[in-house]
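Enquirer: Below is the sequence, then the predicted model.
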Amino acid sequence: MAKYFIGSLRQTGEGRLPSLGEIGLNQFAPYLINRLSASYNAHLQDVLKDNGMTTAKMRALSILTISPGLTVNELAYLAVVEQSTMSRTLDALVGQGLVRRQSRSDDMRVRELYITELGRTAFSESWPLLYGLYADLFVGVDADEYDRFIDTLHKVLRNMHRRIEGETGLEEPEAADQPQP
């Protein structure tokens with residue numbers, strides 16, 4: 001039987017599911033993550049709007065700055081936006097000369113995405129604003145706390161991916177199951 005937790009992960013004992021009231025919204029991590037994300041994104045949207053940029057465009061430029069050659073699906077996944085939204089965003093970025101599409105050399109059907117010099121300039125001009133907002137989030141948080149926070153987020157993300165893989169049956173095949181060349 002599963003063990004259930006309340007508050008800051010205190011066990012309730014075997015078989016009793018805690019209520020949300022017992023946990024409390026301010027101790028319920030998904031609620032806090034959503035609040036933080038919504039507040040951050042709303043503020044980011046306002047900051048970027050003043051510079052003629054959208055959140056989706058900035059996410060695309062940010063990711064392509066450090067990971068060039070992605071496909072639209074890969075970029076949408078990393079930017080945490082729907083593929084259709086990313087496609088429209090890329091159309092605008094290509095039209096502005098900030099991103100270019102290029103057919104993959106080994107498969108002409110696959111289009112890779114690259115940031116242009118103009119795109120790098122646009123990103124570089126916005127980076128101080130992005131970094132300032134990021135730094136403001138962690139005022140009063142020391143380096144050890146930050147490192148533990150990032151480690152914990154990675155653990156939670158891995159747990160979520162395992163949960164999703166288990167529910168959908170999309171688990172990563174074992175190396176022995178991989179086709180051999």
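Expert: In hand now; what should we look at? The structure displayed is predicted, hence computed values, not measured ones. Numbering: from 1, shown residues only.
Enquirer: any idea how far Ala56 is from Arg35?
Expert: Distance of Ala56 to Arg35, given as C-beta to C-beta, to the nearest Å: 21 Å. C-betas here are computed from N, CA, C, even on glycine.
Enquirer: what about stretch 160-168, average pLDDT?
Expert: Regarding stretch 160-168, the rounded mean pLDDT is 81.
Enquirer: Dump the C-alpha coordinates for that stretch into CSV.
Expert: Extracted C-alpha coordinates of stretch 160-168, given in CSV (Å, rounded to 0.1, in the frame of the first residue of the first chain):
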residue,chain,number,x,y,z
MET,A,160,7.3,13.4,-14.0
HIS,A,161,8.9,12.0,-17.1
ARG,A,162,8.9,8.5,-15.6
ARG,A,163,5.2,8.9,-14.7
ILE,A,164,4.3,10.1,-18.2
GLU,A,165,6.3,7.3,-19.8
GLY,A,166,4.7,4.7,-17.6
GLU,A,167,1.2,6.0,-18.4
THR,A,168,1.7,6.2,-22.1
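Enquirer: for the longest strand seen in the chain, packing partners?
Expert: Using DSSP state E, we find that the single longest strand of the chain is strand 107-115. For strand 107-115, the packing partners by 3 or more C-beta pairs under 8 Å, 6 or more residues apart in numbering; DSSP states H and E come out as helix 55-66, helix 72-79, strand 99-104.
Enquirer: Would you mind putting the CA coordinates of that strand into PDB?
Expert: Taking Å, rounded to 0.1, in the frame of the first residue of the first chain, the C-alpha atoms of strand 107-115 are listed here in PDB:
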ATOM      1  CA  ASP A 107      17.200  14.200 -45.100                       C
ATOM      2  CA  MET A 108      15.900  17.100 -47.200                       C
ATOM      3  CA  ARG A 109      12.500  16.700 -45.700                       C
ATOM      4  CA  VAL A 110      13.700  17.800 -42.300                       C
ATOM      5  CA  ARG A 111      14.100  21.500 -41.800                       C
ATOM      6  CA  GLU A 112      16.600  22.700 -39.200                       C
ATOM      7  CA  LEU A 113      16.400  26.100 -37.500                       C
ATOM      8  CA  TYR A 114      19.200  28.500 -37.000                       C
ATOM      9  CA  ILE A 115      19.400  31.900 -35.400                       C
END
